[in-house]
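> After the sequence you'll find the predicted model.
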Amino acid sequence: MAGCMIEEQKGRMNMAIFTGAGVAIATPFDENYNIDYDSFGKLIDFQIENKTDAIIVCGTTGEASTLNHEEHIAAIRYCVNRTNKRVPVIAGTGSNDSRTASWLTHQAELAGADAALVVTPYYNKATQNGLIDHYSYVARHTNLPLILYNVPSRTGCKINADTMAYLVKNVDNIVGIKDAVGDVSYTAQLMYETQGDIDVYSGNDDMIVPMMSLGAKGVISVLSNVAPEDTHNICAEYMAGNVEKSRELQIKYLELIHALFCEVNPIPVKKALELMGICGPHLRRPLTEMEDANTERLRKAMIEVGIL
């Protein structure tokens, strides 16, 4: 399986689910706001044909918070079947209720996902002890490897570096973190506290190279939706020792990355996929159509890098 490495080390599961660029894939909707599986399949195939190293389904970019449980599991199952083991599929299964997160993770396992991405509890949040209890509970009820998702700008809840170190040391199937804190000092502290015994993925497309310089395995990427090959190449060139080429690609895409986040994700990336003819722009409320001025900024950035 592309990008997947599994090994046993020091008595605990030590698994790099993937290395490189995993796409935080959008969920296309039709004009009636149902999942558009034809466009979803087209997007999945486009990703794999253009070197995406893994697919992360039903995450933030996939509008998982607007999917009911039946839709959520159906989207995971469809993605697993369409991908057909060509690359790993990582299912977003987080919730601010531990039982729901555990249930979703179990359902993702039954659907054939290779791993789960589990966001911190949001709104009701948790203390650091609460995070340890929450993630330990979810991990006990699945055989899947878990990547924790640390995005305090959205959740209001941050996994401290020493908390993450405790979890990876004491819970066998907690193997990694999507670090969307946006602070390389946090990433450095994370590597220090865990002694590097953790698979870190950048959660910020504009910080791939800086985080890989600290030992990250790659990125879980919004940019990959529209530029899968070059996002893969940013990581692949870095891992091959071609740091200057990796840096050049990182900087080349900086304005497009900024345009993809000039409104709430995934509003811009849905518009970008529409401009590329891959899927429609339909978003579930409370997300709304991209503003005209921002659409023009996005279009210009896509033209500058050769996507349009």
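Perfect, thanks for sending it.
> in the stretch 101-250 of the chain, which segments are predicted with low confidence?
Segments of the stretch 101-250 of the chain classed as low confidence (criterion: pLDDT under 70) are not present in this model.
> now the strands: where do they sit in it?
115-119, 146-150, 174-179, 199-202, 218-221 (DSSP state E, counting those that start in this stretch).
> Contact partners for Ala284?
No, residue 284 isn't Ala; it's Arg. If a contact means Cβ atoms under 8 Å, 6 or more residues apart in numbering, then Arg284 has Phe29, Tyr33, Glu63, Thr66 as its contacts. For glycine as for every other residue, the C-beta is placed from the backbone atoms N, C-alpha and C.
> can you tell me which two in these are farthest apart?
Taking Cβ to Cβ as the measure, the contacts of Arg284 span a maximum distance of 10.2 Å, between Tyr33 and Glu63.
> Comparing these two, which residue is more hemmed in?
Relative neighbour count places Glu63 above the other of Tyr33 and Glu63, with 22 against 12, counting by other Cβ atoms under 10 Å.
> Touching, the more buried one and Leu287? I think so.
Yes - contact status for Glu63 versus Leu287: in contact at 7.3 Å, counting by Cβ atoms under 8 Å.
> Kindly point out which residues are neighbours of both of the two.
The contact sets of Glu63 and Leu287 overlap at Pro266 (Cβ under 8 Å, 6+ apart).
> Name the nearest of the contacts of Arg284 relative to Ile198.
Proximity to Ile198 was ranked across these by Cβ to Cβ; first place goes to Glu63, at 28.2 Å.
> ok, now which ones touch the closest residue to the closest one other than its chain neighbours?
On the basis of Cβ to Cβ, 6 or more residues apart in numbering, the spatially nearest residue to Glu63 that is not a chain neighbour turns out to be Thr27, at 5.3 Å. When contacts are counted by Cβ under 8 Å, 6+ apart, Thr27 is found next to Ile35, Phe40, Val57, Cys58, Gly62, Glu63, Ala64, Leu67, Ala75.
> Wasn't Thr27 part of a helix?
No - under the criterion used here (DSSP: H, G, I helix; E, B strand; the rest coil), Thr27 is coil, not part of a helix.
> tell me what whatever helix or strand Ile303 lives in is packed against?
When elements are assigned from DSSP states H and E, Ile303 belongs to helix 292-304. When contacts are defined as 3 or more Cβ pairs under 8 Å, 6 or more residues apart in numbering; DSSP states H and E, helix 292-304 packs onto helix 254-260, helix 267-275.
> Quick one: neighbours of Leu167, just the number.
Other residues within reach of Leu167 by the criterion other Cβ under 10 Å amount to 22.
> any idea how far it lies from Val219?
Using Cβ to Cβ, to the nearest Å, we find Leu167 at a distance of 21 Å from Val219.
> Over to Pro286?
Distance, Pro286 to Val219, using Cβ to Cβ: 27 Å.
> Comparing these two, which residue is more hemmed in?
Neighbours of Pro286 and Val219, each counted by other Cβ under 10 Å, are more numerous for Val219; the result is 31 against 7.
> Which residue lies closest in space to that one, excluding its sequence neighbours?
When the adjacent residues along the chain are set aside, Val219 lies closest to Ser202, with 4.3 Å between them (Cβ to Cβ, 6+ apart).
> Please consider this matter closed, and thank you.
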